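Trainee: One predicted model, sequence on top.
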Amino acid sequence: EKRNGHEPEFLQAVREVAETVIPYIIQHDIYNGKNILLRMVEPERLISFRVSWVDDSGEIQVNRGYRIQMNSAIGPYKGGLRFHPTVNASILKFLAFEQVFKNSLTTLPMGGGKGGSDFDPKGKSDNEIMRFCHAFMTELFRHIGPNTDVPAGDIGVGAREIGFMFGMYKKLNNEFTGVLTGKGQSWGGSLIRPEATGYGTVYFAQNMLKRKNESFSGKKVVISGSGNVAQFAAEKSIELGAKVLTLSDSSGYIYVENGFSTEQLQYVMHIKNVKRGRISDFIDKYPSAKFVANQRPWSVSCDIALPCATQNELNGDEAKQLIKNGCMCVSEGANMPSTPEAIHEFQHAKILFAPGKASNAGGVATSGLEMSQNSLRLSWSRKEVDERLKEIMENIHNSCVQYGQNEDGSIDYVRGANIAGFVKVADAMLAQGII
Ligand code: NDP
């Protein structure tokens, strides 16, 4: 805390892990007295750099770029790039720290990292986005590589941005390699990668519900966000027979009483991915839907909640409201969307709660599958990748059950995910010595 006191999000993420992992360390002699967690909270490398670029009016703009290379004990650093005005070292360190545990849970050989910039893509032209992405990569390229560090997308970084960054990396290195994931189909991308985080979040929830003899069929689902993760969490929920009642963005939420139809979800995708507009544009075409400005959707009565927008977007009071309205399952699509108070409420009420590092790991897992396909110079079919994704989510669920079983038979998925993620990384660090 002394060293990182000015980084609230990072401390929040570390505290959550420490609370569950320290008792485990104390009980297990091989980890005891090795300061293993103290080593894990210090990034192996933290890179910060200037990104200068020229906007459409000819003015020079300056942003700050970052890459946090957190832990490479079990594989090359792996984790997304976020472009959002709120990006700072604290947010990226919390994300990189979570990523280490998440990647360990996937069963694939990937270390943890995260990066991005305080650049705001909203309202920028395609040309401005391209110039920024190119400028960003002219520095980042020297720190990454297919066996060193393999970034992907996150908030504000989708297929368009990955394309621009990949183009510049290839030009600078004169090498066509799988240095980024989330690439386009025709140039090294994997089928199912765009869908993977949202689908995986739903698959994880399905596994939790199955233990209770429950399913998605006929359930009311409330989703926050309307970006990459939210769109495909909604798609899979609808496919499984659930009613998706809400989607949102930072300006408010849309409520559809009978649940979004497939056609209506397609329109949300058009607004967000093609027009790059606001969620409120939805009511121009579907006036019977309700737009609630400047509010989050957690007061809407539901069976399942999937927070898929951003960190700390669901607080203790909102958690109480969800529970009061009968919500039985929360599966986090975003990273750390529930505040510590909200998690406390869910656990106290003994409803099913999956932390993002377990439930949203399907995205990075499929990125790992993209890396494998790139190395093999092969493309697997949609069915094959989806089957692997389902299997990985089931394995992650089972690891959480193994390490998170309570005396009464219920599962503490937070403890389970933290300990299962910790063990693999800690064992590798111990084997590699003090470095
Ligand atoms: P996108 O940029 O595609 O979408 C983000 C969505 O969240 C948008 O609807 C956005 O609304 C909303 N949002 C972002 N910041 C805020 C904020 N401060 N307040 C309210 N709403 C906000 O990002 P993704 O869907 O890729 O990412 C969403 C979450 O999922 C993040 O936490 C990310 O770290 C996590 N995640 C993503 C993975 C992936 O594969 N993409 C993998 C694992 C986790 P608006 O447009 O108004 O900003």
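Mentor: Sure thing, it's come through.
Trainee: what sits up against stretch 375-388?
Mentor: P146, G178, S190, L191, I192, R193, Y199, T366, L369, Q373 (CB atoms under 8 Å, 6 or more residues apart in numbering). To be clear about C-beta, it is placed using only N, CA and C from the backbone, and glycine gets the same treatment.
Trainee: Okay, buried residues for that stretch please.
Mentor: S379, W380, V385, D386, R388 (16 or more other CB atoms under 10 Å).
Trainee: Rounded mean pLDDT for that stretch, please.
Mentor: Mean pLDDT, stretch 375-388: 97.
Trainee: From start to finish, how long is that stretch in a straight line?
Mentor: 17 Å (CA to CA, to the nearest Å).
Trainee: if we can go back for a sec, so which of the buried residues of stretch 375-388 are also by the ligand?
Mentor: Applying CB under 6 Å from any ligand atom, the subset of the buried residues of stretch 375-388 adjacent to the ligand is empty.
Trainee: max-length strand in this protein?
Mentor: Ranked by residue count under DSSP state E, the longest strand found in the chain is strand 60-71.
Trainee: ok, that one: who's next to it in the sheet?
Mentor: strand 45-54 (antiparallel), strand 112-117 (antiparallel) (DSSP bridges).
Trainee: Indicate which one of these is closest to M70.
Mentor: Nearest of the strands paired with strand 60-71 to M70, taken as CB to CB: strand 112-117 at 4.5 Å.
Trainee: After the closest one, which helix or strand is next? Please name it.
Mentor: Using DSSP states H and E, the helix or strand that directly follows strand 112-117 along the chain is helix 126-140.
Trainee: Quick one: mean pLDDT for that following helix?
Mentor: For helix 126-140, mean pLDDT is 98.
Trainee: Identify the residues contacting the helix or strand following that helix?
Mentor: Using DSSP H and E, the helix or strand that follows helix 126-140 in sequence is strand 149-152. Here strand 149-152 makes contact (CB under 8 Å, 6+ apart) with 67, 69, 76-81, 110, 113, 115, 140, 143-144, 162, 165, 178-182, 363-364, 367, 371.
Trainee: and the residue of the stretch 151-300 of the chain nearest the ligand?
Mentor: Taking CB to the nearest ligand atom as the measure, the stretch 151-300 of the chain has G227 as its residue closest to the ligand, at 1.8 Å.
Trainee: Can you get me a residue count around that residue?
Mentor: Using other CB atoms under 10 Å, G227 is surrounded by 23 other residues.
Trainee: Going forward, the N-terminal residue is numbered 57.
Mentor: Yep, numbering from 57; the last one is G283 now.
Trainee: how far is the helix or strand that contains V457 from where the chain is centred?
Mentor: Assessed by DSSP H and E, V457 sits inside helix 438-460. Centre-to-centre, helix 438-460 and its host chain are 16 Å apart (CA atoms, centre = their mean, to the nearest Å).
Trainee: and the angle from the helix or strand following that helix to strand 168-173?
Mentor: Next in sequence after helix 438-460, counting helices and strands by DSSP H and E, comes helix 469-488. Angle, helix 469-488 to strand 168-173, by axes from the mean of the first three to the mean of the last three CA atoms, to 10 degrees: 110 degrees.
Trainee: tell me which parts of this structure are close to the ligand?
Mentor: By CB under 6 Å from any ligand atom, the residues of the chain that approach the ligand are 209-212, 214, 253, 281-286, 305-307, 364-366, 369, 389-391, 416, 419.
Trainee: Next, the buried residues of stretch 317-329.
Mentor: Here stretch 317-329 shows Q320, L321, Y323, V324, M325, I327, K328, N329 as buried, counting by 16+ other CB under 10 Å.
Trainee: Inside helices: which ones of those?
Mentor: Within those, residues falling in helices by DSSP state H are Q320, L321, Y323, V324, M325.
Trainee: Model confidence score at the closest residue to the first one other than its chain neighbours, please.
Mentor: Read it as Q320. Spatial nearest neighbour of Q320, chain neighbours left out: Y342 (6.2 Å); criterion: CB to CB, 6 or more residues apart in numbering. Per-residue pLDDT puts Y342 at 98.
Trainee: and Y342, what does it touch?
Mentor: The contact partners of Y342, taken as CB under 8 Å, 6+ apart, are V312, Q320, Y323.
Trainee: In a markdown table, list these along with pLDDT.
Mentor: What follows is the contacts of Y342, written out as a markdown table (pLDDT from 0 to 100):
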| residue | pLDDT |
| --- | --- |
| V312 | 98 |
| Q320 | 98 |
| Y323 | 98 |
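Trainee: out of the ones in helices among the buried residues of stretch 317-329, which one sits closest to Q262?
Mentor: Distances from Q262 to those, taken by CB to CB, are shortest for L321, at 19.0 Å.
Trainee: okay but that closest one is in contact with Q287, surely?
Mentor: Yes. Counting by CB atoms under 8 Å, L321 does reach Q287; the two are 7.1 Å apart.
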